[in-house]
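Could you look at this predicted model? Sequence included:
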Amino acid sequence: MTHFLDIHTTSAEDLRRMINSAHAMKAARNGRPKGTPDDDQPLKGRMVALIFEKPSTRTRVSFDVGVRQMGGETMVLSGKEMQLGHGETIADTARVLSRYVDLIMIRTFEEATLQEMAEYATVPVINGLTNRTHPCQIMADVMTYEEHRGPIAGKKVVWCGDGNNVCASFLHAAGQFGFDFTFTGPQTLDPEADWLGFARSKGVSVQVERDPAKAMAGADLVVTDTWVSMHDPESAKERRHNQLRAYQVNEALMAQAKPDALFMHCLPAHRNDEVTSAVMDGPNSVVFDEAENRLHAQKAVMRWCLGL
């Protein structure tokens with residue numbers, strides 16, 4: 001079964017095929033009204049289940065639109081509707097859904113939920129996000145960088161802030177796509193050692209630098225994310241802000257990177273917390289191209305999963 005669970009568990013060759021496919025599909029839609037279907041309809045007659053234990057804007061809309069553009073239909077299910085893993089085991093839910101649909105995308109909290117769904121499903125499963133990783137986002141980010149600056153291999157990416165699930169998938173991508181990676185943030189929020197080790201095992205340079213200004217030197221791409229995740233309790237907000245205030249991406253910090261360095265954020269952003277509006281709306285920012293490319297990258301992922 002061809003699941004898309006994480007970047008580090010998918011071959012570099014297949015990842016590259018997906019990125020190339022995403023570029024081609026986006027180019028084919030150039031000038032076409034957003035509501036019109038693609039000329040190529042590989043999902044015609046197919047049903048895709050979109051499961052959301054976590055709320056979503058970009059993931060829900062981009063997958064739904066992507067399926068429809070490719071001729072398929074979607075069934076959107078919330079965690080409350082399904083009571084996933086409560087009234088019925090995840091394994092049984094996977095078995096049942098596999099009798100109804102051709103593909104399952106799940107956005108959930110625990111990585112174990114994703115893994116169990118994939119183990120027992122007899123159709124492909126896509127990781128739409130877990131607390132631990134966010135591979136679809138990083139596929140869109142790689143696509144976006146290459147759209148603006150060419151091949152990402154050999155470039156320097158700096159992650160500024162919290163070593164969270166998006167950071168984890170960026171480290172996986174560093175290893176698989178061959179770019180160098182520097183993390184700058186407080187020690188208490190370092191990325192998992194396993195993810196740092198994975199990227200290093202692939203031969204790329206992986207650095208941890210506490211001084212954000214030093215980290216930015218020579219950066220081709222600067223990336224950050226929210227300081228407080230949607231599932232974090234209110235009590236965590238002030239503590240997180242105190243830890244991360246020095247790592248805000250502002251104009252002074254961006255000036256330490258290369259003059260043509262791009263800025264990315266997976267959104268939603270808390271403006272003037274992790275990034276200033278001047279940077280987010282500035283000439284180096286590609287955050288809205290990045291958001292759009294979730295659509296194209298995920299279409300490529302779905303096609304790959306179904307062998308289309």
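Received it, and whenever you're ready, just let me know what you need. Residues are numbered from 1 along each chain as shown.

Going by C-alpha atoms from here, please, whenever you check contacts or count neighbours.
OK.

What are the buried residues along stretch 249-269?
Buried residues in stretch 249-269, counting neighbours by 16 or more other Cα atoms under 10 Å, are found at 249-250, 253-254, 256-257, 261-266, 269.

Quick one: mean pLDDT over it.
For stretch 249-269, the mean pLDDT works out to 98.

how distant is that stretch from the center of its chain?
How far stretch 249-269 lies from its chain's middle: 18 Å, per Cα atoms, centre = their mean, to the nearest Å.

pretty sure residue 76 is touching residue 47, no?
No - with contact defined as Cα atoms under 8 Å, residue 76 does not reach residue 47; the gap is 10.6 Å.

So these two - more neighbours on which side?
Between residue 76 and residue 47, residue 47 has the larger neighbour count (other Cα atoms under 10 Å), namely 18 against 14.

For the more buried one, what are phi and psi?
phi -120, psi 130 (degrees, to the nearest 10).

distance of it from residue 114?
Distance of residue 47 to residue 114, computed by Cα to Cα, to the nearest Å: 19 Å.

Buried residues of stretch 291-302, list them for me.
291, 293-302.

Also stretch 176-190?
Using 16+ other Cα under 10 Å as the test for burial, stretch 176-190 gives 176-186, 190.

Averaged pLDDT, that stretch. What do you get?
On average, stretch 176-190 scores 98.

how is this structure carved up into domains?
Per the TED database, the structural domains of the chain span 32-132, 137-290.

how much distance is there from the lowest-mean-pLDDT helix or strand in the chain to the middle of the chain?
Ranking every helix and strand in the chain by mean pLDDT, DSSP states H and E puts helix 79-82 at the bottom, with a mean of 77. In this view, helix 79-82 has its centroid 23 Å away from the chain centroid, taken as Cα atoms, centre = their mean.

Beyond that helix, next helix or strand please.
Using DSSP states H and E, the helix or strand that follows helix 79-82 in sequence is helix 90-100.

contact partners of that next one?
Applying Cα atoms under 8 Å, 6 or more residues apart in numbering, the contact partners of helix 90-100 are 47, 49, 84, 113, 116-123.

distance between it and the chain's centre?
Helix 90-100 has its C-alpha centroid displaced from the chain centroid by 25 Å (Cα atoms, centre = their mean).

Any regions of the protein where pLDDT drops low?
For the chain, residues meeting the criterion pLDDT under 70 lie at 85, 230-232.
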